[in-house]
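Enquirer: Please find the sequence and the predicted model below.
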Amino acid sequence: FMERFSRSATQPPPNPEQIIDSLAGNIKDFRYDADNSVTFAAWYSRYDDLFAQDAARLQDDAKVRLLLRKLGLPEHERYVSFILPAVPKDFSFADTVDTLKSLFGAKESVVSRRYRCLQISKQPTEDHVSYACRVNKLCVEFDLGKLTQDEFKCLVYVCGLKSGSDAEIRTRLLSKIEENTNVTLQQLSDECQRLLNLQHDNAMIETPSTSDVNKVEQRFERNRRDRDQQPYAAGKSKSKPPRPCWFCGADHYVRDCTFRNHKCADCGVTGHREGYCSSAKPLKPFKRGGPRDSVSSNVVVINECTV
């Protein structure tokens, strides 16, 4: 007995590389796929007992080498780049596991997982056992034991904001829930009202009031009318002749007289109004470039007759 005990005591310790090779053959490589819920936490839970019991004879650094050996090439490259300038041997096995869980975890938020759980329904082609498995998994991911009463109220409150006009408010409230897990329903309601007030103030500053717009339009219209009337008034003042018309006695130029085609009932001559037979003279055609003296003399004679 003493000889056998002596031989076992002097036996060299097992080669860690042999143990690593032996265990590595029983572990499937990890390939990260967040869209299909293939995370490091889910993968590691499958081999947790293997690392805790079968690899118990390995030193901590050897267990780290075994773990990193089962990472896929993209996953290993991502982890090594993430811990730079440190190297894998600088971390313990427990720290390495925590880092990998964080680096290759689910992209889905807690609120998203809980919302999916509340929206679950059985598919027409799904059997009841498969449906029960899905319900059980989603309820576990729901973390019902960690959910407080206030958190559940806030979750129901946000899930009810389905209108498109509440999109911005819903995003702000979800962010507030993610930042503070102890938020209450009253705080969410106050935050919602504050955001509504900010939206109203922003719209008020961005768009002028209707009364201001009407005032500007009225002032513009008044200025436009004034500009349109100024030339007319000036032209009207300049259009007044120096003497009344000798065809009818009205205050306008002879060329504008409406009695030029009127037949006088007194003398029977066409071209003037009754009572203006003596002052009416036949119009002579105006010759451009003609002698100024003849034109001026005619005007003088006519004016004298009119007076």
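Expert: Received, thanks.
Enquirer: so what's the residue sitting furthest away from the middle of the chain up against?
Expert: Most distant residue from the mean C-alpha position of the chain: residue 267, 87.7 Å away (CA atoms, centre = their mean). Shown in contact with residue 267 (CB atoms under 8 Å, 6 or more residues apart in numbering): residue 277. Yep, even glycine has a C-beta here, placed from its N, CA and C like the rest.
Enquirer: quick one: pLDDT of it?
Expert: pLDDT for residue 267: 84.
Enquirer: helix or strand for it, which one?
Expert: Counting by DSSP states H and E, there is no helix or strand that carries residue 267.
Enquirer: Can you give me the distance of it to residue 171?
Expert: Residue 267 is 96 Å from residue 171, where distance means CB to CB, to the nearest Å.
Enquirer: Please enumerate the helices of the stretch 151-300 of the chain.
Expert: 167-179, 185-206, 210-238, 292-306 (DSSP state H, counting those that start in this stretch).
Enquirer: again with the stretch 1-150 of the chain
Expert: Using DSSP H, counting those that start in this stretch, helices in the stretch 1-150 of the chain cover 2-9, 16-24, 40-46, 48-49, 60-69, 73-83, 93-103, 110-118, 128-142, 149-159.
Enquirer: which of those is buried the deepest?
Expert: Among the helices of the stretch 1-150 of the chain, helix 60-69 has the highest mean neighbour count (mean count of other CB atoms under 10 Å), at a mean of 18.
Enquirer: Alpha carbons of it, as PDB, please.
Expert: Taking Å, rounded to 0.1, in the frame of the first residue of the first chain, the C-alpha atoms of helix 60-69 are listed here in PDB:
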ATOM      1  CA  ASP A  60      -7.600  29.900 -14.200                       C
ATOM      2  CA  ASP A  61      -5.400  31.000 -17.200                       C
ATOM      3  CA  ALA A  62      -5.900  27.500 -18.800                       C
ATOM      4  CA  LYS A  63      -9.700  27.900 -18.500                       C
ATOM      5  CA  VAL A  64      -9.400  31.300 -20.200                       C
ATOM      6  CA  ARG A  65      -7.500  29.700 -23.100                       C
ATOM      7  CA  LEU A  66     -10.100  26.900 -23.400                       C
ATOM      8  CA  LEU A  67     -12.900  29.400 -23.400                       C
ATOM      9  CA  LEU A  68     -11.300  31.700 -26.000                       C
ATOM     10  CA  ARG A  69     -10.400  28.700 -28.100                       C
END
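Enquirer: so what does it touch, helix or strand wise?
Expert: Packing partners of helix 60-69 (3 or more CB pairs under 8 Å, 6 or more residues apart in numbering; DSSP states H and E): helix 16-24, helix 93-103.
Enquirer: pLDDT (mean, whole number) over it?
Expert: Mean pLDDT, helix 60-69: 93.
Enquirer: need the helix or strand of this structure with the lowest average pLDDT.
Expert: helix 292-306 (a mean of 44; mean pLDDT, DSSP states H and E).
Enquirer: Disregarding residues adjacent in the polypeptide, which is nearest to residue 65?
Expert: residue 20 (6.5 Å; CB to CB, 6 or more residues apart in numbering).
Enquirer: Enumerate every residue touching the one you found.
Expert: Listed by CB under 8 Å, 6+ apart, the contact set of residue 20 reads 58, 62, 65, 66, 69.
Enquirer: Could you do residue 89 as well?
Expert: By CB under 8 Å, 6+ apart, the residues touching residue 89 are 61, 64.
Enquirer: can you tell me which of the helices of the stretch 151-300 of the chain the model trusts least?
Expert: helix 292-306 (a mean of 44).
Enquirer: Could you list the residues in contact with stretch 144-160?
Expert: Contacting residues not belonging to stretch 144-160 are listed as 111, 114-115, 118, 170, 173-174, 177, 181-185, 188-189 [CB under 8 Å, 6+ apart].
Enquirer: how far out from the middle of the chain is that stretch?
Expert: Offset of stretch 144-160 from its chain centre (CA atoms, centre = their mean, to the nearest Å): 28 Å.
Enquirer: In terms of pLDDT, where does residue 280 sit?
Expert: Note on residue 280: pLDDT of 64.
Enquirer: Reformat the helices of the stretch 1-150 of the chain as CSV; add distance to residue 252.
Expert: Supplementary listing: these in CSV, determined by distance: least, CB to CB, whole Å:
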stretch, distance to residue 252
helix 2-9, 142
helix 16-24, 117
helix 40-46, 103
helix 48-49, 113
helix 60-69, 110
helix 73-83, 98
helix 93-103, 99
helix 110-118, 87
helix 128-142, 97
helix 149-159, 82
